[in-house]
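Undergrad: Everything below, folded, please.
(one chain, ligands or ions: 2)
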Amino acid sequence: MSERTQPPLLARASVAEALPATAPPVRIVHLGLGAFSRSHQAWYTAHADDASEWGIAAYAGRSRDLADRLTAQDGLYTLIERGPEYDRFEVIGSVVRAHAGDDLESLLRDLAAPDTAVVTLTITETGYVSTPDGSPDLDHFGMARDLEVLRALGSDAAVEPTARPVTALGRLVLGLELRRRAGGPALALVSCDNLPDNGGRLRRGIEGLAAAAFPALPDWLADHVSFVSTSVDRITPRVEARDVAEVAAATGRLDEAPVIAEPFSDWVLSGEFPSGRPAWETAGATFVADLEPYEFRKLWMLNGAHSLLACAGLLRGHVSVAEAIADPECRSAVERLWDEDARNLPAGLGLDHYRDALLERFSNARIEHRLEQIAIDSLAKLRVRVAPVAERELGAGRTAEGCATVIAAWMAAIESGFCRADAAEREIADALASPNPREGLLGLLSAKLAADPVFAAKVECEFARIAAPAEVTAK
Ligand SMILES: NC(=O)c1ccc[n+]([C@@H]2O[C@H](COP(=O)([O-])OP(=O)(O)OC[C@H]3O[C@@H](n4cnc5c(N)ncnc54)[C@H](O)[C@@H]3O)[C@@H](O)[C@H]2O)c1
Ligand SMILES: O=P(O)(O)OC[C@@H](O)[C@@H](O)[C@H](O)[C@H](O)CO
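TA: Ligands and ions are numbered 1, 2, ... in the order given. Sure thing, here's the model as predicted:
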């Protein structure tokens, strides 16, 4: 364990108990260093009983800015727990190193290191670059290029010195191949992104790419790598400049990389950890054999409602979740969606209480969770948050009106210029340019839904209702 140097402006004196005296040894590698991993997985790791044994080396996906700011603070940062009436400040000490995403040398070293037992990911829904069935999308430019680079590296053919994988999965597969070649021990890969069966999706992505790039890797993966699925929950909005100022004013210390989160937090995991893991359960995480009911409840009800509020709320001139949920029109659409979600979830999940708690969480006006942030990549989000419920409702002979409202709000938002920041921007533009844009958009969302003329007509009808009074357009 190395002695942690005291960052000049963020001294340990301010710190809550969660900060160990010395930096814990790196045994977790994180991909997708951003806000959420620091309010959630790093928080659980810092609060586990054995926190002194588990440090995190975290890698950003793209930019190096956050990694640089954290490095200047020795990995330490303040978590602002923002309740409806108070802020609580805590310095988190589980991130030991922060790296830019393109620091491939360090990443490969960390992935091959025998001490590394766990790899966690928060690379966003689109970061998996997968087809709807979860296999790697080899038609995607970045993924196709990565495959070429990995094959060249695997065959020891002459490779340009600058040839490097750029996708998260490409980098991970290369690291796993190096671990295999080094005779490294088993490890667990833990997806913490808002996707159903996120561990299974990661498995299909890694296995597909490995099989196409490195012939010996798939067998090694089968014996040495477990894929853990998780349902993750803690509302973590983007930090604004004024939050940095607030930390300085409240603690007397300058922190260039604070994180804000609501007090609520939940983590449900399912899967094996062949080389151990932090005692996350001592910090409140739950381990279950069957994750599906928990992930569907969270993805459909919380995230589905978020996407609805984002699309409908932006159209109605709202900026944040708290503003949108206070609008009776949005609130009633959320309730109708939740009725449909609830009908498709198993009994025993305490859904009445869950709904009440969600309303309370959404109404926390001190959390400025911007609708524009939630609206990014809406197509991929609606595919997993809303389309499956609509398909189940229709399959049961019902009308799926609540889901139709969400989908119509998304279409109206797109046509008004919102929800355009999307990894599927090109497909959306093609649909908009087609003779029947809404039919095209519905087809992108779900072939099954698009093939149901009654549902398509329902969406059309909702669209007409929602789009008519919308006077707001994106700037
Ligand atoms: N913020 C929340 O409230 C919250 C809650 C639950 C789950 N999540 C999950 O965590 C993810 C990240 O949220 P965040 O708040 O940390 O966002 P963020 O923007 O702060 O960080 C996202 C990280 O992912 C990387 N990334 C983005 N696109 C990528 C790509 N195509 N390939 C590889 N890496 C990519 C970014 O570089 C960054 O490191 C969400 O997309 C979601 O799946 C977030
Ligand atoms: O983080 P995203 O972009 O997948 O989704 C936006 C929000 O719905 C999401 O961040 C929720 O706030 C979060 O999932 C709550 O745990």
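Undergrad: which residue is nearest the middle of this protein?
TA: residue 193 (3.3 Å; C-alpha atoms, centre = their mean).
Undergrad: ok so that one is a strand residue?
TA: No: using DSSP: H, G, I helix; E, B strand; the rest coil, the assignment for residue 193 is coil, not a strand.
Undergrad: show me where the chain has strands.
TA: Listed from the start of the chain, the chain has strands (DSSP state E) covering 26-31, 55-59, 77-82, 87-92, 95-99, 118-121, 187-191, 225-233, 259-261, 266-270, 286-287.
Undergrad: ok, back up a step: in this structure the residue nearest to the centre of the chain contacts residue 125, no?
TA: Yes: using C-beta atoms under 8 Å, residue 193 is in contact with residue 125, at 6.0 Å. The C-beta positions use only the backbone N, C-alpha and C, and glycine is treated the same way.
Undergrad: Which positions in stretch 405-417 come out as buried?
TA: 405-416 (16 or more other C-beta atoms under 10 Å).
Undergrad: Now do stretch 240-260, average pLDDT.
TA: Here stretch 240-260 scores 91 as its mean pLDDT.
Undergrad: got TSV for the strands of the chain, with distance to residue 401 too?
TA: Listed next are these as TSV, based on distance: least, C-beta to C-beta, whole Å:
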stretch	distance to residue 401
strand 26-31	39
strand 55-59	43
strand 77-82	35
strand 87-92	40
strand 95-99	45
strand 118-121	36
strand 187-191	32
strand 225-233	27
strand 259-261	34
strand 266-270	29
strand 286-287	34
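Undergrad: ok, now which ones touch the residue of the stretch 1-150 of the chain found nearest ligand 2?
TA: Residue of the stretch 1-150 of the chain nearest ligand 2, by C-beta to the nearest ligand atom: residue 125 (5.8 Å). Shown in contact with residue 125 (C-beta atoms under 8 Å, 6 or more residues apart in numbering): 193-195, 377, 380-381, 384.
Undergrad: Nearest residue to it in space, ignoring adjacent ones along the chain?
TA: residue 380 (4.5 Å; C-beta to C-beta, 6 or more residues apart in numbering).
Undergrad: Run a quick neighbour tally on the one you found.
TA: Neighbours of residue 380 under the rule other C-beta atoms under 10 Å: 21.
Undergrad: Kindly list the main-chain dihedrals of the closest residue to ligand 1 within the chain?
TA: Closest residue of the chain to ligand 1, C-beta to the nearest ligand atom: residue 34 (2.0 Å). Dihedral pair for residue 34: phi -160, psi -150, per degrees, to the nearest 10.
Undergrad: That one: neighbouring residues, count only.
TA: Residue 34 has 20 neighbouring residues, counting by other C-beta under 10 Å.
Undergrad: same thing with the one 3 residues further on?
TA: Each residue near residue 37 was counted by other C-beta under 10 Å, and the total is 24.
Undergrad: So for it, what pLDDT did the model give?
TA: At residue 37, pLDDT is 98.
Undergrad: What's the separation between the residue lying closest to it once chain neighbours are set aside and residue 408?
TA: Using C-beta to C-beta, 6+ apart and skipping the chain neighbours, the partner closest in space to residue 37 is residue 122 (4.6 Å). Residue 122 sits 30 Å away from residue 408, going by C-beta to C-beta, to the nearest Å.
Undergrad: Residue 450: how many residues sit nearby?
TA: Residue 450: 18 neighbours (other C-beta under 10 Å).
Undergrad: how about it, what does it touch?
TA: Shown in contact with residue 450 (C-beta under 8 Å, 6+ apart): 439, 442-443, 456.
Undergrad: ok, now how distant is it from residue 74?
TA: From residue 450 over to residue 74 the distance is 52 Å, taken as C-beta to C-beta.
Undergrad: do the same with residue 351
TA: 44 Å.
Undergrad: Residue 99 too?
TA: For residue 99, the distance to residue 74 - C-beta to C-beta - is 14 Å.
Undergrad: Can you tell me, leaving aside adjacent residues, what's nearest to residue 443?
TA: residue 450 (4.2 Å).
Undergrad: The one you found and residue 387, how far apart?
TA: In terms of C-beta to C-beta, residue 450 sits 10 Å off from residue 387.
Undergrad: Can you measure across stretch 123-143, start residue to end residue?
TA: The stretch stretch 123-143 measures 15 Å between its terminal residues, going by C-alpha to C-alpha, to the nearest Å.
Undergrad: please begin residue numbering at 39 from this point
TA: Shifting the count to begin at 39 puts that one at stretch 161-181.
Undergrad: ok now it, how far from the chain's centre?
TA: 14 Å (C-alpha atoms, centre = their mean, to the nearest Å).
Undergrad: quick one: low-confidence ranges for this protein?
TA: The model of the chain has pLDDT under 70 over residues 39-58, 194-200, 507-513.
Undergrad: So which bits of it are right by ligand 1?
TA: 70-75, 98-100, 160-165, 206, 231-232, 270, 272-274 (C-beta under 6 Å from any ligand atom).
Undergrad: I'd say residue 422 and residue 337 touch.
TA: Yes: Residue 422 lies in contact with residue 337 (C-beta under 8 Å); the separation is 6.1 Å.
Undergrad: list the residues that contact both of those two?
TA: In contact with both residue 422 and residue 337: 232-234, using C-beta under 8 Å, 6+ apart.
Undergrad: among the residues you listed, who's most crowded?
TA: residue 233 (26 neighbours).
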